[in-house]
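J.: Below is the sequence, then the predicted model.
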Amino acid sequence: MRRVEGTPQPLGATSYPDYTNFAVSVPTGKTCRLLIYQKGKAEPVQAFDMLEEEGLGEVRYLGLEGFRADRQEYNFEIDKQVCIDPYVREVSRTKRFGEKPNPQKHEIRGRVPETAYDWEQDHHLKLPLNEVIAYSLHIRGFTKHSSSKVKHKGTFLGVIEKIPYLKSLGVNQIQCMPIYEFSEIVGHKTNYWGYGKGYYFAPKPSYSASGHACRELKDMVKACHKAGIEVVVEMPFTPEILPQMAIECLKYYMLEYHIDGFVLNPYNAPWESMKQDPLLKGIKLIQKDDGFQNVMRRFLKGDEGMIPDVIWAIKHNSSEDNKYNYVTNQTGFTLQDLVSYDAKHNEENGENNQDGPDYNYSWNCGAEGPSRKKAIVELRKKQIRNAMMLLLLSQGTPCLLAGDEFGNTQKGNNNVYCQDNETAWLNWNKKKMNEALFEYVRTLIQFRKEHTSLHKEMPLLGMDKTACGLPDISFHGELAWQTPAAVYSRQLGVLYCDNEAKQDTCYIAYNMHWLKHTFALPSLPKGKKWYRVMDTAAEVCDEKLEEMQKAVRLDERSIVVLCGK
């Protein structure tokens, strides 16, 4: 290898036709060396001084002729401390997930990724926000369980094997928890989720089957795109990250991996700068927020005084604030646990049940944890169907938590951040036991897609913009055209009318009370009748003409969907 003139930008290791460039930020007054390793060897085979006086600002840089990316790896030594490049784009590691590397052996090192990859004319899907049905998953936990029946468990390739399942469910976007290289051992705990400091530019090798995470991540994205599924990744960053680094990181994944969007913590990321960046305007930037979740959970369990907030949540359009709608997310209960536990049960985490959210707005339906009582089991099933209705029949972009569609449970643990085991992994056996729920959710997703009134591109205004006689959205109580005002009311009727699409008219009656209620129905235009298409009181969807065209009777804690035809 021969040292040649390098360049201070971009930071990290970059391959050019004639040489490889190495650039790193080093505080003033500190020494820096580039260490070159032969693949598989413990000690460096060569070292190059990166002198402060030859740098620019706080950036040290050099070029190397003869560096073989397929055979050689690198680290930096700063003030005699061996460090991984903060901008490293691929890492080499010898340990399995959860095994702590020996820092003295420098078992994690930097690689220069392969530059050649056949994308087969792949491109960003750019699905309209109002047409997205998102699905949140953990790359490892999604297929690690033996019941997943995939060949490459817990990897990017394992997700590829599950694409037919995702398509059958009807989702068209996956949201992945952190996929970059992070420390899996923090203190004495496993960092299963991946939050905290990380090497943000480098896909995680232990999420790959071959160790070549860069290639396999590209394979996963390309396969998802061929199936019409966007790939969004969570980039939580940490508060101390430099704004420039955060923006460069998103651009890198967008360009190098064709990632369609990012879920961000706006308090840690330079949110306003990211929104204004010309390149990042071409993808989805999504904020984490639990506003919709908390409102709908409280409505679901029957809290009083919720109707004004529910109206806001139903009308919320994700185009207004880049916030998706969630009822459940990685932090907090799964949907099955939300209706099975009043309190969190995080004892296995070893923190005396002090960790995890205290306020879950859950209700166990009459018994804490698993129950064999038929009434409790049936009520829980109905509450799950209700929750799916609240999510998928609201205007904002919905995001399901992986496994909720077939009753996956974490046994009451609402903070499985350290559980790299069957507590956190998806148990696909649950799907065999809850096939009716899966079919219900799949039907509900398809219903949302078919009815334009349920997912409009722009916020609804409550106005009759085309003078057809009905506003685009209106709210009703047990009396038509009268929004419930009483604090004790737990009933709401919502009438949608898309006048631009052959007057697609849907009426949804929500009864979260523990008593039955009758809703007066708004009148339809002449020649149309109300048809009951879905009812959470039943496990199957069976469309039929509504017997009483002027009113609809709802069972306790149930939701009915009517269509005007």
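T.: Alright, I've got the coordinates. Residues are numbered from 1 along each chain as shown.
J.: Give me the neighbour count for the closest residue to L125 other than its chain neighbours.
T.: Spatially, and ignoring its direct neighbours in sequence, L125 is nearest to E230 (5.0 Å; CB to CB, 6 or more residues apart in numbering). For every residue, glycine as well, the C-beta is placed using N, CA and C. Counted with other CB atoms under 10 Å, residues neighbouring E230 total 24.
J.: Please name the bridge partners of E230.
T.: Q173 (DSSP bridges).
J.: Over to the one 4 residues further on?
T.: Listed by DSSP bridges, the beta-bridge partners for E234 are V263.
J.: ok now do it, which residues does it touch?
T.: Neighbouring residues of E234 by CB atoms under 8 Å, 6 or more residues apart in numbering: Q175, C176, M177, P178, F262, V263, L264.
J.: For E450, state which of these is nearest.
T.: Q175 (23.6 Å; CB to CB).
J.: State the pLDDT value of the closest one.
T.: Here the pLDDT value assigned to Q175 is 98.
J.: what sits against it?
T.: Q175 neighbours (CB under 8 Å, 6+ apart): A134, Y135, S136, L137, V232, V233, E234, V263, I286, C399.
J.: Equivalent analysis for E546, please.
T.: Neighbours of E546 in contact, by CB under 8 Å, 6+ apart: L521, K529, W530, Y531, R532, V552, L562.
J.: The strand or helix carrying the fourth one packs against which elements?
T.: Same thing as Y531. According to DSSP states H and E, Y531 maps onto strand 530-535. Under the contact criterion of 3 or more CB pairs under 8 Å, 6 or more residues apart in numbering; DSSP states H and E, strand 530-535 touches helix 435-450, strand 544-545, strand 558-564.
J.: CA atoms of it as CSV?
T.: Provided in CSV are the C-alpha atoms of strand 530-535 (Å, rounded to 0.1, in the frame of the first residue of the first chain):
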residue,chain,number,x,y,z
TRP,A,530,-77.6,1.3,4.1
TYR,A,531,-75.8,-2.0,4.1
ARG,A,532,-74.0,-3.4,7.2
VAL,A,533,-70.6,-4.5,6.0
MET,A,534,-68.7,-5.0,9.3
ASP,A,535,-69.6,-5.4,13.0
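J.: contact partners of stretch 330-337?
T.: Here stretch 330-337 has contacts from 136, 138, 177, 193, 293, 327-328, 338, 341, 344, 356-357, 360, 362, 380, 384, 387-388, 401, 403-404, 407-415, using CB under 8 Å, 6+ apart.
J.: Inside strands: which ones of these?
T.: In this view, these that belong to strands under DSSP state E are S136, L401.
J.: What separation do you get for L390 and D290?
T.: Remark: distance between L390 and D290 (CB to CB, to the nearest Å) = 14 Å.
J.: With neighbour numbers in mind, choose between those two.
T.: L390 (25 against 14).
J.: how about the closest residue to that one other than its chain neighbours, what does it touch?
T.: Residue nearest to L390 in three dimensions, not counting chain neighbours: M296, with 4.6 Å by CB to CB, 6+ apart. Residues near M296 by CB under 8 Å, 6+ apart: V310, A313, V327, A387, L390, L391, S394.
J.: quick revisit: just flag the most distant two among the contacts of Q175.
T.: L137 and I286 (15.0 Å).
J.: mind listing the helices in the stretch 151-300 of the chain by residue range?
T.: 156-161, 163-169, 213-226, 243-257, 271-276, 291-301 (DSSP state H, counting those that start in this stretch).
J.: How much space separates K151 from V132?
T.: Distance from K151 to V132, by CB to CB: 29 Å.
J.: the more surrounded of those two?
T.: A count of neighbours by other CB under 10 Å puts V132 above the other of K151 and V132, at 23 against 11.
J.: pLDDT wise, what is the residue nearest to L390 at?
T.: 98.
J.: quick one: least confident helix or strand in this protein?
T.: strand 185-186 (a mean of 88; mean pLDDT, DSSP states H and E).
J.: Can you give the strand pairings for that one, parallel or anti for each?
T.: Strands that pair with strand 185-186, judged by DSSP bridges, come out as strand 189-190 (antiparallel).
J.: Could you give the separation of the strand it pairs with from the chain centroid?
T.: In terms of CA atoms, centre = their mean, to the nearest Å, the centre of strand 189-190 is found 22 Å from the chain centre.
J.: thought R448 was touching V132?
T.: No: using CB atoms under 8 Å, R448 is not in contact with V132, being 10.8 Å away.
J.: and L129, how many neighbours?
T.: L129: 18 neighbours (other CB under 10 Å).
J.: still on that earlier bit, from the contacts of M296, which land in helices?
T.: Members of the contacts of M296 lying in helices (criterion: DSSP state H): V310, A313, A387, L390, L391.
J.: wait, which of those residues is closest to A116?
T.: L391 (42.3 Å).
J.: Can you get me a residue count around that closest one?
T.: 25.
J.: Which pLDDT value goes with it?
T.: We have a pLDDT of 98 for L391.
J.: Check P103 too.
T.: According to the prediction, P103 has pLDDT 60.
J.: ditto for F237
T.: For F237, the model assigns a pLDDT of 95.
J.: Report the contact partners of it.
T.: Y200, A246, L264, N265, N268, A269.
J.: Could you work out the most separated pair of these?
T.: Most distant of the contacts of F237, by CB to CB, are Y200 and N265, 13.2 Å apart.
J.: neighbour count winner among the two?
T.: Using other CB under 10 Å, the more surrounded residue of Y200 and N265 is Y200, with 25 against 16.
J.: That one contacts T238, doesn't it?
T.: No: when contacts are counted by CB under 8 Å, Y200 is not listed as touching T238 (9.6 Å).
J.: Point out where the stretch 451-565 of the chain drops to low pLDDT.
T.: 466-468, 501-502 (pLDDT under 70).
J.: hmm, back to that, gap between the least confident helix or strand of the chain and the chain center?
T.: 23 Å.
J.: Same check on stretch 190-205?
T.: 16 Å.
J.: next one: stretch 187-204
T.: Relative to its chain's centre, stretch 187-204 lies at 17 Å (CA atoms, centre = their mean).
J.: and that stretch, how far apart are its ends?
T.: Start-to-end span of stretch 187-204 (CA to CA, to the nearest Å) is 20 Å.
J.: any idea of the pLDDT on the residue nearest to M433 when sequence neighbours are not counted?
T.: Spatial nearest neighbour of M433, chain neighbours left out: G407 (7.3 Å); criterion: CB to CB, 6+ apart. At G407, the model reports a pLDDT of 98.
J.: Quick check: G407 vs R33, distance?
T.: 55 Å.
J.: Show the contacting residues for the closest residue to E320 other than its chain neighbours.
T.: Using CB to CB, 6+ apart and skipping residues adjacent in sequence, the residue nearest E320 is P459, 6.1 Å away. Contacts of P459 were listed using CB under 8 Å, 6+ apart, and they are K315, N317, S319, E320, Q395.
J.: so which helix or strand takes in P459?
T.: Applying DSSP H and E, one finds P459 in no helix or strand.
J.: quick one: it and E500, what's the gap?
T.: 15 Å.
J.: Please apply the same query to Q276.
T.: 32 Å.
J.: on that earlier part again, please list the residues outside the strand holding Y531 that contact it.
T.: Contacts for strand 530-535 (CB under 8 Å, 6+ apart): 389, 443-444, 447, 507, 521, 524, 541, 543-546, 549, 552, 558-565.
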